[in-house]
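> structure for the following, please:
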Amino acid sequence: MRYMEEMPFYGQNPRGLENCIFRFTYMWLRNGDNFWFFLTTVGHERAYGYRFFGGRWNQYSIALRDIDSFRCSHPTPTPY
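Numbering: from 1, shown residues only. You can find the predicted model right below:
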């Protein structure tokens, strides 16, 4: 996905993921994997949310130590 590769990283410290809760986040992992993730919770050792694969969103968790970098989207505006 060339567009995402050209975007600057939002962060490389997994603790900064707390700023991405309830946002679509593109994740780059240390094993070379990368994907869209909708973050719902950040714990002491894992991030929880939904990963897009197989044409749908599936519950997923990631060990914080496995995250190389990430980029979260801007907040989605609401009508309220």
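
> show me where pLDDT drops low in this protein?
Counting by pLDDT under 70, the ranges of the chain that qualify are 1-15, 76-78, 80.

> what's the closest non-adjacent residue to the most centrally placed residue in it?
In the chain, the C-alpha nearest the mean C-alpha coordinate belongs to residue 25, at 3.4 Å (Cα atoms, centre = their mean). The spatial neighbour of residue 25 that comes closest, neighbours along the chain excluded (Cβ to Cβ, 6 or more residues apart in numbering), is residue 72 at 4.2 Å. For the C-beta atoms, the positions are set from N, CA and C on the backbone; glycine is no exception.

> quick one: the one you found and residue 37 touch, right?
No: under the criterion of Cβ atoms under 8 Å, residue 72 makes no contact with residue 37, lying 9.1 Å away.

> ok, the residue nearest to residue 25 - contacts?
10, 17, 19-20, 23-26, 39 (Cβ atoms under 8 Å, 6 or more residues apart in numbering).

> let's see it at 7 Å
By Cβ atoms under 7 Å, 6 or more residues apart in numbering, residue 72 lies in contact with 10, 19-20, 23, 25.

> now do residue 59
Residue 59 neighbours (Cβ under 7 Å, 6+ apart): residue 50.

> list the neighbouring strands of the host helix or strand of it plus their orientation.
Element membership for residue 59 (DSSP states H and E) is strand 56-63. Within its sheet, strand 56-63 is paired with strand 46-53 (antiparallel), according to DSSP bridges.

> please identify the buried residues of the strand it pairs with?
47, 49-51 (16 or more other Cβ atoms under 10 Å).

> what is the nearest of those to residue 57?
Comparing the buried residues of strand 46-53 against residue 57 with Cβ to Cβ places residue 50 closest, at 4.2 Å.

> hey, what's the closest one bridged with?
On the basis of DSSP bridges, residue 50 is bridged to residue 38, residue 59.

> still on that earlier bit, most neighbours among the contacts of residue 72, please name it.
Within the contacts of residue 72, most neighbours by other Cβ atoms under 10 Å means residue 20, with 24 neighbours.
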